[in-house]
Structure formats: C-alpha cells, structure tokens
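K.L.:
I'd like to go over a predicted model; first the sequence, then the structure.
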Amino acid sequence: MNNLVRTRFAPSPTGFLHVGGLRTALYNFLFARKHSGIMVLRIEDTDRTRYVEGAIENLITTLHTMGLTYDEGPDLDGKHAPYLQSQRLKLYQEHAQHLLDKNDAYYCFCTSERLEKMRKAQEAANLQSKYDGTCRGLSESQVQENLRKQLPHVVRLKMPETGESRFSDLIRGEVAVQNELVDDQILIKSDGFPTYHLANVVDDHHMEISHVIRGEEWLLSVPKHLRLYDAFSWTPPQMAHLPLLLNPNRSKLSKRQGDVAVEDFLTKGYLPEALNNFVALLGWNPGTDQEIFTITQLIDEFSLERVNKSGAVFDLQKLKWMNGQYIRQLPENERRAFLIPYFKKYGYSTEGSDKLGKIVDSISKRISFGDEVKNEAAIFFSDSLIISEEESRDILQRESARTVLQAFLDKIENFTEVGVEEFKTIMKEVQEKTGFKKEELWMPIRVALTGVNHGPDLPLVIEMFGKNKIQNFIKEALNLN
C-alpha cells in the first residue's frame, strides 16, 4: 500500500442517508481533503433482502447536494471499479476459496432450525450467543459428502479460540478483545453473496484504502477483520471508530425516534452548509469556542485526534440555532432564492417581487429553517387574525388593551390611507387620548395585527396591510371572547 491517504464511505442502499451516515461520509471527506488524498464511494449492496430500489441514486444525489464530492465511485471512472459490491462477487468467492484451501475457513451445514435451538439453549444457560463450532470439526470426507448432496451451506471464518486480539484505534487507542468472545463469522452466505466482513476487507485491500473511518458499532468486528488480513498476508489499514450519535436522553439515535434522514432536514429547509457544520461537531471539536465553520475551515481544522470517544448528543435546538445563523448570513438574493420556494410550498402568493422580498427579509430574522415560513408568513397572507398562543390572547383581554384598540379604531377613521407615517401619527394620538405608554400602548396593537407578542416589525406590517386590513384585524381583536 502506498502512502497516499485513501478513505472510503461504504453505505448500504437500504433507504435514505441517516445523519449518522452523513457524519461518517463527512469525516472521511474532511480527512481525505486535509491530507490531499482520495475519497472513494463504495456501495455495499450484497444483502439483497435489505436492498431498496432507487436508494443508490438517492444516496449519490444527497452527497452531491451536501457538497461531499468523492473521487471514485459508481458514477465515476476509477481504476478500482466496479464500486458496487454486487458486481464483485467473483472476487469474493475466489478469496473465500483461498481461505478454505488454507484451512482458515470452513463449510457450515447447520440449518436455521438448529442454529435457533442452539441460541435458545445458550440464552437459557446465560451464555454469550455465538456459533458453537459444530461444523468446524467435520472431517474432509463428511464435508465432501455434504457438498455432493448439495446441502445448503455457508462459509465461516475460523477464529482463534484462545488468546486475545489487540489493535490500535486512532480515536480509542489500544483495544483488546478476548478471542473466545468472537464468533466464527459467516463469510459467504447460502445464496453465494458475501457478508459485510469478507467483502469490506477484500475491497479495502484491493481499493488501497489507507484509513477506515466508520461507526463505533463495528469496533468489535475488528478482530474478525484482522484475522482475515492475517490469513491473506495483507497489511490492514489504520482504523478509527466514531462515537455513537445519541438522543438527548442518551439513547441511541434511530429512525424510530423521529426524522434522522438527511433528506428530511433538507426538505424542511435546512441548509447543506449548516448541516455539515452541525454534524462535524457531533463528536469532534476544534479545541476552541468557534462554532461556525465553512467547509474549507473544517478541512483545515479537522483531525481524528480531536474526535471524542463518548457518544455525541444530537441537539435539534442547536441545529435550529445554527441553521438560523446560516440563513441570516446569506446574501440577500441568495436568502430570497432559498426561502421563496417555501412560500410556494404553503400556497402563499409570490407575485409582486418587491413586497415579497420585504416579507422574506423580515421573517428571515426569526426563522430557523425553511418550513417555518408557513407560520411566520401566515399573517401577511391571511384575511383574518390568527392567534395561537394563550399569552397573546390574554394580552387582548386586558381592559387597557381594549381601551387602546378602541382608541386606535376611532383615530384611523380620520385617514384615507394608512402607511408608516400615518400609523405613527395615529399611535401618537392614541397615546395622548389613553395616557398609556410603552408596552401598554404598543403590545395590544402588535398582537392585534400580528397575532403574537414577538413578531415582524410593525412598520412592515403596516406597509403590507393597508387601512382596510388593519381596521378588520383591530375589530377582530376587539370581538375576541
């Protein structure tokens, strides 16, 4: 293996890209770019029972959307093609035969019924669930007789039964695993397809992968992989196992607990740059208080040495905050181009670019992601007052509020049109008539026009509404029970 850094992202096409998969892809991308290396996209599609039609195309589209460009992959030329494992079956079968010939692997003819009975017996005896090695002791004549009968079979790796496997992890340091705890892993299934363990070792070697950066769930599989490298007389790549992603309650982040697909976040209006920034900090830290990073800055700063061992909490509120920062940092034309599709999504008219632009600029100060346009922009397109919070409704029930609103309604009758300057004049007259100032004066008007006590700038609301809509909303507010 040469000294060029070569990483790989090797997902299975079982659906949408999980945010955990995004982090794995991102770290592989950052590490490769940091060291002027190569990133490979390899599709591990040998488990045909879990294959989802269209998942590969979706995965590629998502990676491109996220800006995580790879150098070799299914849609690119490369000297290590093909990059779909289902197209490399002959290679795996040749290597499995090599292991069989060297007595580093063996045929197993155990039926699923026998294996299930074995597992139940182990559970009843409080033993670790692992293959008991029944077929490991079959004679050569028994094996050949079973093959002649075409009995269903798999190929298993012959693991050492004593001692320990030791390896160095770039994140976790020295790791030791007792060999007696490691199963004789299936390498070739009964359908002729390889398992992850054989295919990924064979491919990592032939694709000259120098660094394997993947999730913590594969840590205990390393002894099996090292056994394969040793059997093939290959030098293993350096390895780094990333910490788990956790819910705020410290449980493992999973699809059953809400939206965790990258596509879900993109559809809702999260920016790829913000998602990358947020995900990069799930387990890695720069050693400073900086939280906002461009992708170039992440490449410059990233190192596996600063990746934590402990699980990283996926804090949705933090993601919302960060995405809001990115939205507000967009140049005006880009911010409008990003948010206007969400106006269309929720049926708000996008005619009148000047008016729409002002609304976009106003609500962008408060939203965290695109879908929040639905509620934040509603007041500008509604013909009636919308009040969803009890606190806002309570404000309008105060006697002082009703006094202010009635005074406002009386004063507005003196104006043909109401713009920002006319509004200021009316409010000055209402203040003089009622004697109320500050919050007692302004809050009832704000709630009556916007439905909330913290919302869009009132001058913009006045400009967008006009006299008739202002009058109608004030009357509605007064008529609330």
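P.N.:
The structure has been received and is ready for your questions. Numbering: from 1, shown residues only.
K.L.:
Tell me how far residue 275 lies from residue 62.
P.N.:
From residue 275 across to residue 62, the span is 11 Å (CB to CB, to the nearest Å). Quick note: C-beta positions are derived from backbone N, CA and C, even for glycine.
K.L.:
Can you pull the residues that touch both of those two?
P.N.:
262, 266 (CB atoms under 8 Å, 6 or more residues apart in numbering).
K.L.:
what's the next secondary structure element after the helix or strand residue 446 falls within?
P.N.:
Per DSSP states H and E: residue 446 is located in helix 438-450. Beyond helix 438-450 on the C-terminal side, the first helix or strand identified by DSSP H and E is helix 458-465.
K.L.:
how is the protein carved up into domains?
P.N.:
As given by automatic domain parsing, the domain ranges for the chain are 89-242, 331-381, 383-478.
K.L.:
Pull the contacting residues for residue 469.
P.N.:
So residue 469 contacts residue 383 (CB under 8 Å, 6+ apart).
K.L.:
What's the per-residue pLDDT of the closest residue to residue 441 other than its chain neighbours here?
P.N.:
Nearest residue to residue 441, sequence neighbours excluded (CB to CB, 6 or more residues apart in numbering): residue 431, at 5.6 Å. You'll see residue 431 listed with a pLDDT of 95.
K.L.:
Ok, residue 2 next?
P.N.:
pLDDT recorded at residue 2 is 59.
K.L.:
same check, this time on residue 73
P.N.:
Looking at residue 73, its pLDDT reads 97.
K.L.:
what number of residues lie near it?
P.N.:
Counted with other CB atoms under 10 Å, the neighbours of residue 73 add up to 22.
K.L.:
Next one: it relative to residue 6, how far apart?
P.N.:
13 Å.
K.L.:
shared neighbours of those two, anything?
P.N.:
Contact criterion CB under 8 Å, 6+ apart; residues shared by residue 73 and residue 6: residue 40.
K.L.:
Now for residue 138: which residues touch it?
P.N.:
Contacts for residue 138 were tallied using CB under 8 Å, 6+ apart; they are 106, 107, 109, 146.
K.L.:
from these, which single one is nearest residue 118?
P.N.:
Distances from residue 118 to these, taken as CB to CB, are shortest for residue 109 (13.7 Å).
K.L.:
Would you mind measuring from residue 96 to residue 46?
P.N.:
Separation of residue 96 from residue 46 (CB to CB) stands at 13 Å.
K.L.:
CA atoms only for the strand or helix carrying residue 342, dumped as PDB, please.
P.N.:
Taking DSSP H and E as the definition, residue 342 sits inside helix 332-345. Taking C-alpha atoms only, helix 332-345 is exported to PDB below (Å, rounded to 0.1, in the frame of the first residue of the first chain):
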ATOM      1  CA  GLU A 332     -30.000  39.000   0.200                       C
ATOM      2  CA  ASN A 333     -30.500  37.500  -3.300                       C
ATOM      3  CA  GLU A 334     -29.500  34.000  -2.100                       C
ATOM      4  CA  ARG A 335     -31.600  34.300   1.000                       C
ATOM      5  CA  ARG A 336     -34.700  35.200  -1.000                       C
ATOM      6  CA  ALA A 337     -34.000  32.400  -3.600                       C
ATOM      7  CA  PHE A 338     -33.700  29.900  -0.700                       C
ATOM      8  CA  LEU A 339     -36.900  30.900   1.100                       C
ATOM      9  CA  ILE A 340     -39.300  31.800  -1.700                       C
ATOM     10  CA  PRO A 341     -39.900  28.100  -2.600                       C
ATOM     11  CA  TYR A 342     -41.300  27.700   0.900                       C
ATOM     12  CA  PHE A 343     -43.900  30.400   0.200                       C
ATOM     13  CA  LYS A 344     -45.000  28.500  -2.900                       C
ATOM     14  CA  LYS A 345     -45.000  25.200  -0.900                       C
END
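K.L.:
How far off centre is the helix or strand that comes right after it?
P.N.:
On the C-terminal side of helix 332-345, the nearest following helix or strand under DSSP H and E is helix 353-363. In terms of CA atoms, centre = their mean, to the nearest Å, the centre of helix 353-363 is set 30 Å apart from its chain centre.
K.L.:
Helix 353-363 - contacts with which helices or strands?
P.N.:
Judged by 3 or more CB pairs under 8 Å, 6 or more residues apart in numbering; DSSP states H and E, helix 353-363 is in contact with helix 332-345, helix 458-465.
K.L.:
Pretty sure residue 47 is one of the things residue 193 touches, is it not?
P.N.:
Yes. The pair residue 193 and residue 47 qualifies as a contact (CB atoms under 8 Å) at a distance of 7.4 Å.
K.L.:
Can you add distance to residue 290 and give the domains of the chain back as TSV?
P.N.:
Formatted as TSV, the domains of the chain follow (distance: least, CB to CB, whole Å):
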stretch	distance to residue 290
domain 89-242	21
domain 331-381	20
domain 383-478	29
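K.L.:
closest to residue 82 out of those domains?
P.N.:
Ranking the domains of the chain by proximity to residue 82 (CB to CB) places domain 89-242 first, at 9.9 Å.
K.L.:
average pLDDT for that closest one?
P.N.:
Here domain 89-242 scores 96 as its mean pLDDT.
K.L.:
At which residues are the strands of the chain located?
P.N.:
Under the criterion DSSP state E, the chain carries strands at the ranges 6-9, 38-41, 105-108, 154-157, 164-169, 173-178, 186-188, 211-215, 238-242, 245-246, 312-313.
K.L.:
Give me the distance from the fourth one to the chain's centre.
P.N.:
When C-alpha coordinates are averaged (CA atoms, centre = their mean), strand 154-157 and its chain have centres 35 Å apart.
K.L.:
who touches it?
P.N.:
Residues from elsewhere that reach strand 154-157, judged by CB under 8 Å, 6+ apart: 96, 99-100, 104-108, 131, 135-136, 184-190, 197-198, 224, 227-228.
K.L.:
Swap in 6 Å and give it another go.
P.N.:
With contact meaning CB atoms under 6 Å, 6 or more residues apart in numbering, strand 154-157 is reached by 96, 105, 106, 108, 184, 185, 186, 187, 188, 189, 190.
K.L.:
ok, it: who's next to it in the sheet?
P.N.:
strand 105-108 (antiparallel), strand 186-188 (antiparallel) (DSSP bridges).
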